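**Q** sequence-free structure coming up:
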């Protein structure tokens with residue numbers, strides 16, 4: 001029988017072909033399944049492909065004291081996809097993960113920023129320099145669109161329409177969506193494309209919108225480093241690109257946006273993923289009630 005790693009790689013190849021998942025998602029699946037395989041081997045020398053319900057339950061119990069509920073839930077999710085694949089492909093007559101319950105846990109609202117803090121962050125770059133102008137445009141687009149950082153740094157010139165004020169991006173699973181930028185982000189992006197980007201590239205061709213002084217496209221790691229650095233400079237709480245994505249969604253809901261609209265803008269395939277922001281809506285309604293109702 002082939003090794004756990006070989007079986008997992010075959011599964012991930014099939015998952016990539018069928019669902020078009022990102023490299024980061026596939027890597028997370030691989031880590032979780034390798035961890036599961038190691039536990040099964042440690043507990044009873046059971047091969048990952050041959051594990052039964054009791055074997056999987058014991059493997060899950062091994063991490064119950066140390067792992068967060070979210071970590072365990074992710075492991076169960078990877079496990080289910082793997083055994084569903086084995087069953088569907090005829091490698092197993094059953095799916096032992098079907099009997100397992102997903103760990104129950106509260107879904108906390110992701111860390112966000114107040115609107116005041118967002119303004120302070122947006123104003124941090126020195127726009128008198130090409131790099132500062134790039135960073136201001138990048139921050140404005142990120143907050144105005146709610147793009148994932150991988151979507152932001154992957155933007156090409158063909159995906160940006162300044163006339164219409166929209167960007168076209170490819171999200172998880174290769175799904176295409178159009179997202180409006182708004183006038184402010186549109187203006188800053190236009191200024192960067194007109195002066196800042198040409199000054200950085202000095203004639204060197206590059207398809208990506210956001211480029212570096214090395215005349216190449218920006219990376220996810222560099223964007224994270226820049227944003228967190230500006231947050232520290234402004235004395236803000238820790239900020240990552242994903243924090244701005246959550247601020248985008250939170251502030252939309254605070255100002256009355258429908259969850260279905262937020263779902264479309266974020267590129268969530270399932271409304272249940274967006275429903276973490278119902279907490280924001282409930283809190284806003286509570287404050288309005290207290291403020292305006294005679295017995296609030």
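**A** Ah, there it is. Keep in mind it's a predicted model, so treat the numbers as computed, not measured.
**Q** under the pLDDT cut-off, which ranges of the chain? List them.
**A** Low-confidence segments of the chain, defined by pLDDT under 70: 1-2, 43, 63-66, 101-112, 172-174, 268-296.
**Q** would you mind finding the longest helix in it?
**A** Scanning the chain for the helix with the most residues, using DSSP state H, yields helix 23-44.
**Q** any buried residues in it, and which?
**A** Neighbour-count burial for helix 23-44, counted by 16 or more other CB atoms under 10 Å, picks out 25, 26, 29, 30, 32, 33, 35, 36, 37, 39, 40. Every residue, glycine included, has its C-beta placed from N, CA and C.
**Q** which residues does it contact?
**A** Residues from elsewhere that reach helix 23-44 (CB atoms under 8 Å, 6 or more residues apart in numbering): 4-5, 8-9, 11-12, 15-16, 21, 46-48, 51, 55-56, 58-59, 62-63, 74-75, 78-79, 81-82, 150, 172.
**Q** tell me which residues in the helix or strand just after it are buried?
**A** Using DSSP states H and E, the helix or strand that directly follows helix 23-44 along the chain is helix 53-61. Going by neighbour count (16+ other CB under 10 Å), the buried part of helix 53-61 is 55, 56, 58, 59, 60.
**Q** so which elements touch helix 53-61?
**A** If contacts are counted by 3 or more CB pairs under 8 Å, 6 or more residues apart in numbering; DSSP states H and E, helix 53-61 sits against helix 23-44, helix 69-88.
**Q** same list, those helices, but as a markdown table with distance to residue 230 please.
**A** Formatted as a markdown table, those follow (distance: least, CB to CB, whole Å):
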| stretch | distance to residue 230 |
| --- | --- |
| helix 23-44 | 24 |
| helix 69-88 | 28 |
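**Q** that'll do, ta.
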